[in-house]
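A.B. asks: Build the 3D model from these lines:
(chains A, B and C)
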Amino acid sequence: MPELPEVETIVRGLVPRLEGAELGRARLLFPPLLRRSSGSGLAVLEGKRVLGVRRRGKMILISCEGGWTLVFHLKMTGQLLLAGPDVSVDKHTRLIIPLRGRGLELRFRDVRKFGFLCCLGPGTESSAPELDALGPEPLETGGAAFARRFRGRKGRIKGLLLDQRVVAGIGNIYADEILFRARIHPLTPAAALGDAMLGTLWRSVRSVLRGAIDRKGSTIRDFTDPDGEPGDFQSLHKVYGREGKACLACGTPIRRIRVGGRSTSFCPNCQREPRRRRSRH
DNA sequence: GCCACTGTTAGCAT
DNA sequence: CATGCTAACAGTGG
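C.D. replies: Model prediction:
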């Protein structure tokens, strides 16, 4: 499930123990994980130090000496874990990179194998399509710039929130929570939202994502931080996973529909149906 | 056993 | 360009 708040939680957990660490020899247990690499795979990393760990959208970027950058995407079930070498390695572990002198390993674990890793050489970071196509960071974008990404667009607002090219980092859970907070129906065409509502949407994006980061993310099934600790924002979800339960604002049963193939939960009273185009008669 | 469902997103058809 | 469906994979629950 890792969306922006979960990925941010992972990055914050990695920073103190990864930055400055020297990488050992990587063991790639599931080679298809490595989607893009310049030259000889991960061998180039051995002996290099980690200079920084940061997040871009839902991706984790680990920059190393020599201008090399590791880019992880966790997709549905990926995890980055810090474990002692004595901790058992299960069948879902896809990559192990020892951290020399720290008694720790960085491990990538991914039950469904959707996740990927890119190992980008010096100067190639901006040419990676995975990064290049991403929209702006929602927590670093002002209200006017945010509104501009949506204003006048014909697509449904939920679909646009999920589109990583429009804005980076929002996934299915937080899209529903954001729309509930903004009191916007998920099927509303973006073009039907005036600047006032786009402002409300922008503030909802920020408060929901910040609140979730404060709670260290949502654990629905298997999300954990690098130490294996779950988040607890799921206890504050207003609509996701609450189909049939009473809306916490008005008591109306939460409904679940499908929008663009994605399960979508909302309150039919708080989030009013967009005006349908009426056929003339 | 079978079927539906799951937090992502790339690719392809319409 | 927009929208909608499927696949990639594995596990869970009815």
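A.B. asks: for DNA strand B, what are the nearby residues on chain A?
C.D. replies: Contact residues, chain A versus DNA strand B (Cβ under 7 Å from any atom of the strand): A:1-3, A:57-58, A:73, A:75-77, A:114, A:130, A:133, A:162, A:164, A:171-173, A:219-223, A:261-263. C-beta here means a position set from N, CA and C on the backbone, and glycine is covered the same way.
A.B. asks: what do you get if the cut-off is 6 Å, keeping everything else the same?
C.D. replies: Those residues of chain A that sit near DNA strand B, judged by Cβ under 6 Å from any atom of the strand, are A:1, A:3, A:58, A:75-76, A:114, A:164, A:171-173, A:220-223, A:262-263.
A.B. asks: Drop anything exposed from these.
C.D. replies: A:M1, A:E3, A:K58, A:Q164, A:G171, A:N172, A:I173, A:F223 (16 or more other Cβ atoms under 10 Å).
A.B. asks: Surely the last one is in contact with A:P230?
C.D. replies: Yes: applying Cβ atoms under 8 Å, one finds A:F223 in contact with A:P230, separated by 6.7 Å.
A.B. asks: residue ranges with poor pLDDT in chain A?
C.D. replies: For chain A, the stretches with pLDDT under 70 are A:126-127, A:275-281.
A.B. asks: Where do the helices of it begin and end?
C.D. replies: Remark: helices assigned in chain A by DSSP state H are A:4-18, A:129-132, A:143-150, A:157-162, A:172-182, A:195-214.
A.B. asks: Columns distance to A:C270 on top of the ones you listed, output as CSV?
C.D. replies: What follows is those, written out as CSV (distance: least, Cβ to Cβ, whole Å):
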stretch, distance to A:C270
helix A:4-18, 23
helix A:129-132, 36
helix A:143-150, 20
helix A:157-162, 15
helix A:172-182, 7
helix A:195-214, 12
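A.B. asks: Just name the most buried of those.
C.D. replies: Compared across the helices of chain A, helix A:172-182 shows the largest average neighbour count, a mean of 25 (mean count of other Cβ atoms under 10 Å).
A.B. asks: now for it, which elements pack on it?
C.D. replies: helix A:157-162, helix A:195-214, strand A:262-266 (3 or more Cβ pairs under 8 Å, 6 or more residues apart in numbering; DSSP states H and E).
A.B. asks: what is A:V50 paired to in the beta sheet?
C.D. replies: Under DSSP bridges, the beta-bridge partners of A:V50 are A:C64.
A.B. asks: ok and the residue in the stretch 1-150 of chain A nearest DNA strand C?
C.D. replies: Per Cβ to the nearest atom of the strand, A:R112 is where the stretch 1-150 of chain A lies closest to DNA strand C, at 3.6 Å.
A.B. asks: Touching, that residue and A:Q79? I think so.
C.D. replies: No: A:R112 is beyond contact range of A:Q79, at 11.4 Å (criterion: Cβ under 8 Å).
A.B. asks: So the two - more neighbours on which side?
C.D. replies: A:Q79 (23 against 10; other Cβ atoms under 10 Å).
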